[in-house]
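Trainee: My questions are about this predicted structure, shown below with the sequence.
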Amino acid sequence: MLEFANPTVFLSWLVFLPAVVALALAFIPASGETIKRISLAATAVVFLMTVYMTFGWSTVHFKAGTEGMQNTLSHPWIPTFNIHYFMGTDGISFPLIVLTAFVSLLAMAASWPINKFVKGYCILFLLLETGMLGVFCALDFFLFYVFWEVMLLPMYFLIGIWGGPRKEYAAIKFFLYTLVGSVLMLIAILILYFHSDLRALQDKVPPAQIMATGVVAPGLEEAAQLAEWSKIASADTPQHTFNILALQLMGQHTDLFSAPLWGGYSLQWWAFVLLAIGFVIKVPSVPLHTWLPDAHVEAPTPISMILAGVLLKMGGYGLIRICYPICPQAGYDLAHVVCFIGALSMVYGAFAAMAQTDFKRLVAYSSVSHMGYVVLGLGVWSAFAGTQYNPDYWKMGMNGAMFQMIAHGISSAGMFFMVGVVYDRVHHRNLNEFGGLFAKMPVYSGLAVGIFFAGLGLPGLCGFIGEVLVVLSVWNYNTTLAVVSAAVVILTAGYILWAIQRVYLGAQYKGPHGEALSPLTFRELSIAAPLLALAIFFGVNPKSLLNYMQPSVDKTVVELTEWTKRHESAAAAKPATAETIIQRPDKS
Amino acid sequence: MVKSYTPELPSAVNLPSLIQALSSDTLQLSLPRFVPELVVCATIVLLLVARIPRLTAWLDPFWLALAGVLIALRFAIPAGGLTELGTVERQELFTGMLVHDSMTVFFRFFLVAFAFAFIILARMTGLADRRDGQDFYSLLLGATLGMCIMASANHLMTVFLGIEMASVPSYVLAGIIKGRRRASEASLKYVVFGAGAAGIMLYGISLLAGLTGSAHLPTIAAKLAAMDLPALVAGGKGAGTLMVLVLAGLMMMVGLAFKLSAVPFHFWCPDVFEGASAEIDAFLSVASKAAAMALLVRVVLGLGTLPTDTTHTAALAHPISAHTVAFYQSGDGAAAEAASPSAVSSTSIALAPVRRFMVLLLSIVAAITCTFGNLAAYGQTNIKRMLAYSTIAHAGYMMMAVAATAQLAGTSSVGAQEAVASLLFYLLAYVFMNLGAFAIVAFLRNTIGSEEIADYSGLIRSAPLTGIAFTVVLVSLVGIPPMVGFIGKFAIFQALVMAGGFWMITLLVIASLNTAISLVYYLRVAKAICIDPPPAERGAVSIGILPAVYVVAVSLPVLLYGIVPARLLNLATEAVKHIL
């Protein structure tokens, strides 16, 4: 139970500690204040655990500069369906795990003004944190799905009970959108599962690479593992799996997922589309974004921070971890569609943000716009024959997208918090009734302007790095898209500067409740300051973050480039009409 | 393979040998495997008799019924415990009337265990009081007995008998509360509908038996295989025969659809559920539905496949086990010949049209039932009516698993077994969800005197435990992890994908979209409970300690088995080992 040197124990505690505390809270008769303290302590412990992992003070150490999975654990969970309790971290997931723990800690600290049904709030909040951490840790597709869905219910109630005037509408809208996306995802998961076959990997992939996916019990000796593997490889019946890493290998090295499925499209085309819809709803991209402004406007401040800071990242994470590596053919064919959706979200989100009069809605639409960079950066498939399979720009795009996810997690959580601070005081968010806050709340305004600049993408702040990497990488892929995405920077500057002008500048505050504009409290300061500090730190020292994620991101890109090379040379070698599709072996 | 008792083959069929074989079949083979049912029968008799003499009048029928059910439960568990379910061999009982296999044992355990839980619920809510307890418990046990027969039916006679034995007590149970107009009306509606459906089904049975010369399901399958249906379908000849067969199939489906409350024979369901008390609704929605599903699987597998088991084919050729065959046919040997193991591959094709018909029929009915149930549930304001539509929708999901079974039965018996296992798992999940939901509705009715969704508002503040339990159950009914309802849905979905093909993928898409549709109305109740403010005039709501324990006992597994479903899944997998 407490052998923290064991990744199984460490990662399990990391993910389930909040849930355990939530369960305990349910039975503790305590005042609201105490419950908040306990919850804050729980989130702090989780954050410290991730910090320990980062710096290697703990025996479970996340090593920077390593491309593969680290600290994996795998135990059978539901043997009937080959489902494993399989988790691990790599450069793609680990920064997001730290971000989740960090934002959760700050959001919990930002939850102090909540005084209604505190116990229920804290329990749901902690369950939500377990779900979020689980999504990023899970490497079994089923486990991933379970965590993905586990978040929905707490989120529904957190918006629905503690939200604003139209909370019920916003909550059910959020729930419905995400559920539709996730049932589509479930269909794709099942289709992929039933067409997967571990035996097909045997001759295509070196055994060491197969062992790295954890399909064979990872605890065994090497010889025992190989023996176990040969048993799997020589089985009579198809060996289905939910193992995401094994599915990635199958998607890239075999034809299992290329079988035609329906309507003239291949299996992986459909899987990609269904998965991508699920993820894009979460990102969210235009035209599936409409739940987001409603959810944000109605949600209480800490929940908005979580929503923008963490939940939206899951869509991007799903795309990079699942969609592209498992269905490369579909990603290749649909690259333009994905890029278009990304660019559309950027432009639409920016224009929509400009039109808002509600401060929080403006920030919500800025999220739509900023997350567009992520989709665009991931979708830029710039390694193909025309570029001599040079993966450098694609690497740049994907790293930019990943960086943008972290940067946006920091800046958007900060922006929502800053909106929340002023809303707590004056109880309105009408941009046209603000003005002159600098005079009344100088510290707050300074921090807020800094964080908004980070969102804007000012050089020297974290938002800049991700945006510039994405825009540069697009240039090599499609000039028009590059021009459009670069132009969005101007729009972004437009709406953020205009918002700053309307809220913070001006002679004096003329809106309602002007007397309530008290200076920032220590609690608020200790939430805002670390966010701004990190925004500056990552802005001037992006290497500190890239060191952790770049190897894994690059590995993904290199593998996909290899796949492209094989695919295009195979397509060139034979006439296009005689496209033979290798049928998978018959079901038993 | 042959572990069971097999009577010596008599050289010629004469009366003494027939009687001797019959008695040994009954006494040595069938009755020992029929003990739980016999115990239930004995309990019913005791319940009724105990009322007559003055001496036993003090005896509370509750304890009698409880003891009887517990003894039956003891015998319903196979020798090696439930984990050894897979070792139960397939064996025909009572000269082929019933079949005893792992699935029979599973359902018998399921139904008797449910009867146990239900008796306790009825006692707690005060539905069965001391004075008319005898009536209540004997009706309940009678219905359970009928359901056990449904789950083990192997002959069209027992199919019909089982349905009627289960239905007639249910009609009375629906109206058990005397002097309530709604309950009597519900009961009457149920009777009229049931009688009509039974009549049509009987007609279908007579058509099928008349055409094939038998009512024994495996024999019918063999006869159908001998008819060379693929040639009939392809050749365009014999349109009359095909028409009659299709008609017979449709008519039998009417009877089954009535029990399943499948569209378009669902009309009784909301009215009966609203009129009857919530406890009875739990019984109808769980036990009755489970038995009907079992029967559907029996009919689908019985008519859609030929037994490959050597024990079984030997029995079929035998004049005693093929008793009904001997009565109705001259014994041309075609049946036995067609069913011989060497002919399996060809007969699997021979029955392909039968399976295709069943897949089509079940898919369409399932898709419509599911969608209709979910859409109709939207507008409901009464919780029982809403849950009635919800059970209709869930019947749709479950029928999809049967459709997948029918499709897989032709190609892979392992696949078909897995599809049935997914259905059984769904039922296991369903029992906790629906018993939990209706138990809470019943307890709340006793406390706040209302069954309107609006009156549940703010329940989580007045009665936190009940509110949370109800929310958990509702979320599980939607099918969201980590509740057990999700695993059930997942199991059925994976059966559909495994079956593959256009129809199954269409069903999968329909089922998935239905999940999203159903979210809104389940969540509406959860919203009323958790988000809406409680009415000012309502004070604290307390359902009592024991009911609270009961609620926790049935709703906690919804969460626990959602997180660690392996045990239930193993149970379901074991239960289907020898059904094909």
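Mentor: Received the coordinates, thanks.
Trainee: Pull the distance from the stretch of helix or strand residue B:363 belongs to to the chain's centre.
Mentor: In this structure, residue B:363 is located in helix B:352-377 according to DSSP states H and E. Distance of helix B:352-377 from the chain centroid (Cα atoms, centre = their mean, to the nearest Å) equals 17 Å.
Trainee: Verify the contact between residue A:2 and residue A:9 for me.
Mentor: Yes. Taking contacts as Cβ atoms under 8 Å, residue A:2 lies within contact range of residue A:9: 7.0 Å. Every C-beta, even on glycine, is put in place using the N, C-alpha and C of the backbone.
Trainee: Between the two, which has more neighbouring residues?
Mentor: residue A:9 (15 against 6; other Cβ atoms under 10 Å in any protein chain shown).
Trainee: If you drop the residues flanking it in sequence, what lies closest to the more buried one?
Mentor: residue A:3 (5.2 Å; Cβ to Cβ, 6 or more residues apart in numbering or on different chains).
Trainee: Please report how far that neighbour lies from residue A:61.
Mentor: In this view, residue A:3 and residue A:61 are 15 Å apart by Cβ to Cβ, to the nearest Å.
Trainee: try residue B:144
Mentor: 60 Å.
Trainee: what about these two, which has more around it?
Mentor: residue B:144 (30 against 14).
Trainee: Is that one located within a helix, as I assumed?
Mentor: Yes. The assignment for residue B:144 by DSSP: H, G, I helix; E, B strand; the rest coil puts it in a helix.
Trainee: residues touching residue 220, list them.
Mentor: I'll assume chain A. Residue A:220 is in contact with residue A:228, counting by Cβ atoms under 8 Å, 6 or more residues apart in numbering or on different chains.
Trainee: think we crossed wires, I meant chain B
Mentor: By Cβ under 8 Å, 6+ apart, the neighbours of residue B:220 are B:156, B:208-209, B:212, B:214, B:302-303.
Trainee: Which of those are buried? Put it as a ChimeraX command.
Mentor: The following ChimeraX line selects those of the contacts of residue B:220 that are buried, judged by 16 or more other Cβ atoms under 10 Å in any protein chain shown:
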select /B:156,208,209,212,214,302,303
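Trainee: okay, the contacts of residue B:220 in CSV with pLDDT and secondary structure next?
Mentor: Shown next, in CSV, are those (pLDDT from 0 to 100; DSSP: H, G, I helix; E, B strand; the rest coil):
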residue, pLDDT, secondary structure
B:156, 93, helix
B:208, 92, helix
B:209, 92, helix
B:212, 90, helix
B:214, 89, coil
B:302, 89, helix
B:303, 89, helix
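Trainee: now for the contacts of residue B:220, which pair is the farthest apart?
Mentor: The largest separation in the contacts of residue B:220, counting by Cβ to Cβ, is between B:209 and B:302 at 13.3 Å.
Trainee: Helices along the stretch 351-500 of chain B, start to end?
Mentor: Using DSSP state H, counting those that start in this stretch, the helices of the stretch 351-500 of chain B run over residues B:352-377, B:383-411, B:413-448, B:459-462, B:464-478, B:484-499.
Trainee: Quick check: which of those helices is nearest to residue A:447?
Mentor: The nearest among the helices of the stretch 351-500 of chain B, by Cβ to Cβ, is helix B:459-462 at 38.2 Å.
Trainee: Check which helices and strands the closest one is in contact with.
Mentor: Here helix B:459-462 is seen to pack against helix B:464-478, helix B:501-530 when contacts are counted using 3 or more Cβ pairs under 8 Å, 6 or more residues apart in numbering or on different chains; DSSP states H and E.
Trainee: Tell me which of these sits nearest to residue A:371.
Mentor: helix B:501-530 (23.3 Å).
Trainee: can you tell if the closest one touches chain A?
Mentor: Yes. Judged by Cβ under 8 Å from any Cβ of the partner chain, helix B:501-530 comes into contact with chain A at B:502, B:505, B:508-509, B:512-513, B:515-516, B:519-520, B:523, B:527, B:530.
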